Structure formats: structure tokens, C-alpha cells
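S.K.: This is a predicted model, with the sequence first.
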Amino acid sequence: MRKIALSLTLVLLLSFLSYALQGSTKGFPKKAPEIKGLITDEGKPFSLEQLKGKVVIMTYGYTQCPHVCPTILAYLEQVKEKLDKDGMKGKYKIVFVSVDPQHDTVQNLQKYKKEHGFNDFIFLTGSKEALQKVWKDYHVYVKDKGVMEMKHGDMVMKHRMIDHTAKVTIIDKKGNIREEFLGMYLPVDKIVQDVETLIKE
Ligand SMILES: [Cu+2]
């Protein structure tokens, strides 16, 4: 009987200690490269250092993106709502790094954020050089294909097309990348569970 109780305790302890993050953890943990030279949608200089002590949920995209980025942002809005409901407000930050230095000026980011109600998110832009450094450091593929015509039924519409990696990078309170969620269809509950675990570390 005592033996059973002991092994039960051990199993419980082990399962607690070995919570497995649910995203892609290959190559992580890894120190998150510092982000230099980018500015926020409020026109302020940004650094990851400013967010030390918070879990950072970072994604990459552009405000004129017709489909992928709006989808990712809608999922992240759900993540935000769940985290806030669980009392996590202020303990994490959602950051969106632009892949479009040409159009995503501070003003355009501000406008986009306001129009879509992403009030708690930080949108980042910067010079092409500064952004390119961040894309490279975080392994984000970016290819500007210019304006392309797309058919919507009988209508032909013009879209600014930038091919880019769709993913979310999760950085812990100490500034280490811990995992990534790849693709545009994000598992909201898994992200919430992981972020809450990292907040409690
Ligand atoms: Cu996009």
C-alpha cells in the first residue's frame, strides 16, 4: 500500500515537472536575439529588454495582408481574451513585427490597430535594414511580390502581396525563445496553456 502511494506521488511529481510545451520546440530554448532599431505604433523605440518579466507572443506580417495575417491576429485576439479572463493581463505581451517597411509606417500601424481594436498589441516597424535583421534573426522568410491582381468572382482586385512565414514565437520571462507555433491556424487553447505555464515559472 505504501509502495503504491509512493509511486503515485512520484508519477504526479514527474508529470508536474515535465509539462511539455505544445508547439515546436526543436532548437529551443535559445536566447532571443535582441531587437534593435524598431519603433512601436506609438512611435517609441522598442527593445525586448522592455518586456523582461513578461511572456512575449510574437508574430510577423503586414497590415495589407489579405488573408493570412488577419487570421493569425484573430486567433491571437482569442488568446488575449482567454489569458485576460484567467487574470493574466499585464503578464504577457503580443507583438507584431511588420514584414512591410514600405507601407507599414507608424501612422498606418496606428490606424490598423485602432480600426481592428488590437489595443493591447504592440505593432513594430522600422527601416528596411533594421527589419531585415529581425526577420533573419527570427528565421522569417519575406518576399515582396508587389501588387498582384486577384479574381474575386467577376471582379479583379489588386492586392499587395508579400510572401512571409506564418508563425508565432513564444519568448519566456527571461528572454529565451521556448517554442514556435507554425502556420496560420493557431491552436488557441494550447497557446494559452503554454503561456500560462511560462508565466508561472
Ligand atoms: Cu500576412
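M.R.: Arrived safely, thanks for sending. Numbers count the residues shown, from 1 in each chain.

S.K.: How confident was the prediction at the spatially most central residue of the chain?
M.R.: Residue closest to the average C-alpha location in the chain (Cα atoms, centre = their mean): residue 58, at 2.3 Å. With respect to pLDDT, residue 58 scores 98.

S.K.: how about it, secondary structure?
M.R.: strand (DSSP: H, G, I helix; E, B strand; the rest coil).

S.K.: For it, which residues are in contact?
M.R.: When contacts are counted by Cβ atoms under 8 Å, 6 or more residues apart in numbering, residue 58 touches 94-97, 138, 168-171. From N, CA and C alone the C-beta is placed, and that goes for glycine too.

S.K.: same check, this time on residue 195
M.R.: Residues near residue 195 by Cβ under 8 Å, 6+ apart: 55, 57, 79, 83, 88, 92, 170.

S.K.: again, only this time at 10 Å
M.R.: 21, 55-57, 79, 82-83, 86, 88, 91-92, 94, 170, 172, 178 (Cβ atoms under 10 Å, 6 or more residues apart in numbering).

S.K.: element containing residue 170?
M.R.: In the assignment (DSSP states H and E), residue 170 maps to strand 167-171.

S.K.: mind saving the C-alpha coords of that strand as PDB?
M.R.: Taking C-alpha atoms only, strand 167-171 is exported to PDB below (Å, rounded to 0.1, in the frame of the first residue of the first chain):
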ATOM      1  CA  LYS A 167       4.300  31.600 -37.200                       C
ATOM      2  CA  VAL A 168       4.200  32.700 -33.600                       C
ATOM      3  CA  THR A 169       7.300  32.700 -31.400                       C
ATOM      4  CA  ILE A 170       6.900  32.300 -27.700                       C
ATOM      5  CA  ILE A 171       9.600  34.000 -25.500                       C
END
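
S.K.: before we move on, back to that, what is the most widely separated pair among the contacts of residue 58?
M.R.: Spatially, the most separated pair among those is 94 and 138, at 15.2 Å (Cβ to Cβ).

S.K.: Between those two, which has more neighbouring residues?
M.R.: Taking neighbours as other Cβ atoms under 10 Å, residue 94 and residue 138 compare with residue 94 leading, 22 against 19.

S.K.: okay, the angle between the single longest helix found in the chain and strand 167-171?
M.R.: Secondary structure of the chain per DSSP state H: the longest helix is helix 68-85. With axes from the mean of the first three to the mean of the last three Cα atoms, to 10 degrees applied, the angle from helix 68-85 to strand 167-171 works out at 40 degrees.

S.K.: Is stretch 62-69 in proximity to the ion?
M.R.: Yes - Stretch 62-69 reaches the ion (Cβ under 5 Å from the ion) through 65, 68-69.

S.K.: Show me what counts as buried in that stretch.
M.R.: Residues of stretch 62-69 classed as buried by neighbour count (16 or more other Cβ atoms under 10 Å): 62-65, 68-69.

S.K.: What of stretch 184-201?
M.R.: So, applying 16+ other Cβ under 10 Å, buried residues of stretch 184-201: 184, 186, 188, 191-192, 194-199.
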